[in-house]
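Colleague: Sequence first, then the predicted structure:
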Amino acid sequence: MNTAIEAFNALKKTMDSYSPIGAETWAAFMDIGKYRELKKHQVLYALGEIPPSFAFVYSGLFRTFITDENGNEYNKNFFYEGTFPGSMTALLRHEPSQFALVALEPAQIIEIDFPAYRSLLHAREDLKLFQIYYLERNWLLAKDAREVAIVQEDATQRYLQFIADYPFLVERLPQHHIASHLGITPTQLSRIRKKL
């Protein structure tokens, strides 16, 4: 079996885990997706550009980040196998993205045309259910938990929670990226790790 077919099969399995996708919807969905390979450090979506699509990660690791006026980068999120990276606000508003999305490892993705996805979403009930369950789990619940953690937990608690939530990412991510995601400096993270 070739890699593109394997990637589409993984996408179908992931979507079905939220809500089953019917054969007709899946056939239409395959027409709006395109298999792509990216190199390490390759930009998937650039800061300041209007993205045409979002993606499904079959293999690889991505980070989304913003850059301040001094050139400092702040990691917003990480996307790994089975997740859907994209600049959703920019897609929904059709405006330039406020952050960049870059591959931290060589990656294989399915790139999904956003306008075509929206059209299909309006036409297919099974896709609507997938969208609802996906948003509930990954945007509403996860976003609330992260916002509470940033306000109420100290840096050590946030790091321990990151390890608990993403044990498979700890070895794959450089420490400075984890520190940026936690809102601390690499030096602070190094001190926390020594204490633990």
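Modeller: Ah, there it is. Everything numeric here is computed off the predicted structure, so don't read it as measured data.
Colleague: switch to C-alpha atoms for all contacts and neighbour counts from now on
Modeller: OK.
Colleague: Let me see the ranges of the strands in the protein.
Modeller: 33-38, 43-45, 53-59, 62-67, 73-79, 100-103, 107-113 (DSSP state E).
Colleague: so where's the protein shaky on pLDDT?
Modeller: Flagging of the chain using pLDDT under 70 yields the residue ranges 1, 139-152.
Colleague: Nearest approach to Thr187 belongs to which of the strands of the chain?
Modeller: strand 73-79 (15.3 Å; Cα to Cα).
Colleague: list the buried ones in the closest one?
Modeller: Judged by neighbour count (16 or more other Cα atoms under 10 Å), strand 73-79 contains these buried residues: Glu73, Tyr74, Asn75, Lys76, Phe78, Phe79.
Colleague: OK, contacts around the fifth one?
Modeller: When contacts are counted by Cα atoms under 8 Å, 6 or more residues apart in numbering, Phe78 is found next to Leu61, Phe62, Arg63, Thr64.
Colleague: switch the cut-off to 6 Å
Modeller: By Cα atoms under 6 Å, 6 or more residues apart in numbering, the contact list for Phe78 reads Phe62, Arg63.
Colleague: what's the angle between the longest helix along the chain and strand 53-59?
Modeller: The longest helix of the chain (DSSP state H) is helix 3-18. On the basis of axes from the mean of the first three to the mean of the last three Cα atoms, to 10 degrees, helix 3-18 is oriented at 100 degrees to strand 53-59.
Colleague: then helix 3-18 to PDB, C-alphas only?
Modeller: Extracted in PDB, the C-alpha atoms of helix 3-18 (Å, rounded to 0.1, in the frame of the first residue of the first chain):
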ATOM      1  CA  THR A   3       1.900   6.200   1.700                       C
ATOM      2  CA  ALA A   4      -0.800   8.500   0.300                       C
ATOM      3  CA  ILE A   5      -3.400   5.700   0.700                       C
ATOM      4  CA  GLU A   6      -2.200   4.900   4.200                       C
ATOM      5  CA  ALA A   7      -2.400   8.600   5.100                       C
ATOM      6  CA  PHE A   8      -6.000   8.900   3.800                       C
ATOM      7  CA  ASN A   9      -6.900   5.600   5.700                       C
ATOM      8  CA  ALA A  10      -5.500   7.100   8.900                       C
ATOM      9  CA  LEU A  11      -7.500  10.300   8.300                       C
ATOM     10  CA  LYS A  12     -10.700   8.300   7.900                       C
ATOM     11  CA  LYS A  13     -10.000   6.300  11.100                       C
ATOM     12  CA  THR A  14      -9.300   9.500  13.000                       C
ATOM     13  CA  MET A  15     -12.500  11.200  11.800                       C
ATOM     14  CA  ASP A  16     -14.600   8.100  12.600                       C
ATOM     15  CA  SER A  17     -13.200   8.200  16.100                       C
ATOM     16  CA  TYR A  18     -15.200  11.400  16.600                       C
END
